[in-house]
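Participant: Need a 3D model of the following:
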Amino acid sequence: MTPLWTHAELLAAVNGTASGVFDANGVAFDSREIGSGDLFFALKGEATDGHLFIDKAFANGAAGAIVSEPVDFPHILVEDTFEALNALGRAARTRMHGKVVGVTGSVGKTGTKEALFAALDRSSRGKAHRSVKSYNNHVGVPLSLARMPRDTEYGIFEMGMNHAGELRDLTALVRPHCAIVTTIAPAHIEFFKDESGIADAKAEVFEGLTEEGVAIIPCDNVHFDRLQAAAAKYAQKTIGFGFGEKSDVRLLDHVATNSGETLITAKLPDATICYCLSQPGEHWISNSLAVLAAVEAVGGDLAAAGLAMAELGGLAGRGARHRIAVQNGTALLIDESYNANPASMRATLSELGKVDGRKIAVLGTMKELGDKSRDYHLALAEPLAAAKVDFTILVGEEMQILAEKVKAGVEGLSEIAHCATAHDALVLLKSELRVSDTVLVKGSNSMGLSAIVSGLVGGKS
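Facilitator: I've put the predicted structure just below:
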C-alpha cells in the first residue's frame, strides 16, 4: 500500500533535516490521535508545546515527527513546525488533481460540509475527503489538507473565522474550485462593527478561488448583494441558492413526512430534483440547496446527492438525537451543545416547537456577541414563547437577564430556572425529566453543555 506521505515527499514539502527514514500513513498534532505509522507534528502553542508529548506519540505508534528541536526518535527538524504544517498542506493541495470545495458561513458550516462529503463520497465510491470535527482554523485546515490522500477526487474543507483576514489565509491554502457561504448572522459579532463586517470577512473565501471558480451564496440573506459583489471579483460564476424566485437553486416545495424527514422539490438551472432530507428544519433545507449547487458546480452526481441526504445522521453537538432512559420509559434528547448564536438559537427553537408533547429547553450563554450581548439574549424570549416551551433552564451569567425578564412576565412562558453551571443544570434536568419529554440542549461550546448530554446519554436506551 502506498503511504500517505513517503519520506522523500515529506522532506521536499517541509524543507528540513532528517534524522532517520520513515514514511507516514497519517498526520496528527494531538498525540492522543496518533496511530501506527502516523506522523506527529510537535506544534508550539500559547498553552503547551507538542515536544512535551513526543514520548506519548511514539508510544502510540508514530513513525516519525516534525520538530523544531532534536528528539531521540526519527524526525525531521525544521525551524517552525507550524509553517511546516502549512507547507505540507500546500503540498497536499498541489498533488491533488480532483475538485475542492470550501465551506464557510456564520451557521451551518459543519452540517453542510458533512452533507456535501456524503454526497460526493457516494458518487466517487469513497474517493472524497473532508476536514473532520470542526478542524476549520489556522491549524485544522492545513492538517485536514495534509491528511488528504493523493488520489482524492473531491476535497471538502470547512473554514471558520472570528476576525477579519483569517479566511484570506485559509482559502489561499485550500484554493477551492467552489466556495460556499451558508449564511451571514451575528456570530462572533464582538469582533466586528456590525453584520456587514462579518459578511466582508466571510467573503474573503472567494479570494482563493481557482480561475474557473464558482461562488455559492445565500439569496435570502440580507447581505446577498454584498456577497455577490465580492464574489464577482474572483469567481467565474456565481450561484445563488434559497427559497426566493431570484435563486438559481431554488426550493419549489417541501413536505414533512410522518417519520420526521422532509420531502423536497428543488429547481436547478438545468434540472428539477426531488429528494428526501433526513434532518429537520428550514435551515437544513437551505443547507441542502447549497449542497446541490456545489455538487453540480464540481460535476458530481445529483441523484447520488439526493440519496446521501436521505441517509444523513445527526452530528454530535449539532443535532444528534438520543433516546434516553427516564423512569417508566424514555425521553428524546436533541444535542445542539457544540455552538450557539442568535440565528441558530431561533432555528433550533423553531424546530423544538414542532414536536408533540412536553418540551424542555436547556440554553447556555451565547458567547462573542460584544456590547449587543444583552439584547441578543433578551430577544430569545420571543422564539421560546413561539415554540411553547414548557420548561426552560438557562445556564450562564449572560442568561440571568433573560431569566429575570421571563419571571417578570412573558406571555406563553412561565416555568423557568437559571443555573450558574452545566453541572447544576444537569442535576435540575434529571429531577424534571418525564416519559416522552423532548429536551433541547444548546449553547456556546465554552459553556460545557456537552457534559449534560454525556450525563444523560450514559443511561440511554
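
Participant: List the residues that contact the most centrally placed residue in the chain.
Facilitator: Central residue of the chain (CA atoms, centre = their mean): T110, 2.3 Å from the mean position. Applying CB atoms under 8 Å, 6 or more residues apart in numbering to T110 gives the contacts S134, N136, E158, L315, R318. The C-beta positions use only the backbone N, C-alpha and C, and glycine is treated the same way.

Participant: How far away from the center of its chain is the helix or strand that it is a member of?
Facilitator: Secondary structure from DSSP states H and E places T110 in helix 109-123. Relative to its chain's centre, helix 109-123 lies at 11 Å (CA atoms, centre = their mean, to the nearest Å).

Participant: next SSE after it?
Facilitator: Later in the chain than helix 109-123, the nearest helix or strand by DSSP H and E is strand 128-130.

Participant: Tell me the gap between whichever helix or strand K430 is part of and the middle of its chain.
Facilitator: Using DSSP H and E, K430 sits within helix 422-432. Averaging C-alpha positions (CA atoms, centre = their mean) puts helix 422-432 27 Å from its chain's average.

Participant: what about G155, which SS state?
Facilitator: Classification of G155 by DSSP: H, G, I helix; E, B strand; the rest coil places it in strand.

Participant: What is the burial count for it?
Facilitator: Per other CB atoms under 10 Å, the neighbour tally for G155 reads 27.

Participant: Touching, it and R147? I think so.
Facilitator: No: with contact defined as CB atoms under 8 Å, G155 does not count as touching R147 (10.2 Å).

Participant: Wait, a strand at L363?
Facilitator: Yes: under three-state DSSP, L363 sits within a strand.

Participant: circling back: give me the common contacts of G155 and R147.
Facilitator: In contact with both G155 and R147: H129, using CB under 8 Å, 6+ apart.

Participant: Helices of the stretch 51-200 of the chain, start to end?
Facilitator: Ranges of helices within the stretch 51-200 of the chain are 54-59, 81-95, 109-123, 140-146, 166-174, 195-203, based on DSSP state H, counting those that start in this stretch.

Participant: residues touching N86, list them.
Facilitator: So N86 contacts P142, L173 (CB under 8 Å, 6+ apart).

Participant: how does this protein divide into domains?
Facilitator: Domain assignment for the chain by automatic domain parsing gives 7-80, 96-310, 320-457.

Participant: so how far is the first one off the chain centroid?
Facilitator: By that I understand domain 7-80. Offset of domain 7-80 from its chain centre (CA atoms, centre = their mean): 27 Å.

Participant: mind checking the end-to-end distance for it?
Facilitator: 19 Å (CA to CA, to the nearest Å).

Participant: model confidence over it, on average?
Facilitator: Domain 7-80 shows a mean pLDDT of 96.

Participant: for the second one, same thing?
Facilitator: Taken as a whole, domain 96-310 carries a mean pLDDT of 94.

Participant: Centre of the chain to that domain, how far?
Facilitator: Worked out by CA atoms, centre = their mean, domain 96-310 lies 11 Å from the chain centre.

Participant: Contact partners for A387?
Facilitator: By CB under 8 Å, 6+ apart, the contact set of A387 is L349, S350, L352, G353, K359, A361.

Participant: Just name the closest of those to E411, please.
Facilitator: Nearest to E411 out of those is G353 (CB to CB; 14.9 Å).

Participant: Just to check, that closest one is in contact with K359?
Facilitator: Yes: shown here, G353 and K359 form a contact pair, counting by CB under 8 Å, at 7.3 Å.

Participant: Mutual contacts of those two, please.
Facilitator: In contact with both G353 and K359: A387, K388, V389, using CB under 8 Å, 6+ apart.

Participant: Now render the residues you listed as TSV, adding pLDDT and distance to P186.
Facilitator: Formatted as TSV, the shared contacts of G353 and K359 follow (pLDDT from 0 to 100; distance: CB to CB, whole Å):
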residue	pLDDT	distance to P186
A387	93	20
K388	93	25
V389	94	22
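
Participant: Can you add secondary structure and distance to V457 and give those back as JSON lines?
Facilitator: Formatted as JSON lines, the shared contacts of G353 and K359 follow (DSSP: H, G, I helix; E, B strand; the rest coil; distance: CB to CB, whole Å):
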{"residue": "A387", "secondary structure": "coil", "distance to V457": "23"}
{"residue": "K388", "secondary structure": "coil", "distance to V457": "26"}
{"residue": "V389", "secondary structure": "coil", "distance to V457": "21"}
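
Participant: show me where the stretch 301-450 of the chain has strands.
Facilitator: Assigned by DSSP state E, counting those that start in this stretch, the stretch 301-450 of the chain shows strands spanning 320-326, 329-336, 359-364, 391-395, 416-419, 438-442.

Participant: Measure how the third one sits relative to helix 422-432, angle-wise.
Facilitator: Per axes from the mean of the first three to the mean of the last three CA atoms, to 10 degrees, the angle that strand 359-364 makes with helix 422-432 is 170 degrees.

Participant: Would you mind extracting the C-alpha trace of strand 359-364 into PDB?
Facilitator: What follows is strand 359-364 as a C-alpha-only set of coordinates in PDB (Å, rounded to 0.1, in the frame of the first residue of the first chain):
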ATOM      1  CA  LYS A 359     -40.800  20.500  25.600                       C
ATOM      2  CA  ILE A 360     -37.800  21.400  27.700                       C
ATOM      3  CA  ALA A 361     -35.100  23.800  26.500                       C
ATOM      4  CA  VAL A 362     -31.700  24.000  28.200                       C
ATOM      5  CA  LEU A 363     -30.000  27.000  26.800                       C
ATOM      6  CA  GLY A 364     -26.400  28.200  27.500                       C
END
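
Participant: partner strands of it, parallel or antiparallel?
Facilitator: Strand partners for strand 359-364, identified by DSSP bridges, are recorded as strand 391-395 (parallel), strand 438-442 (parallel).
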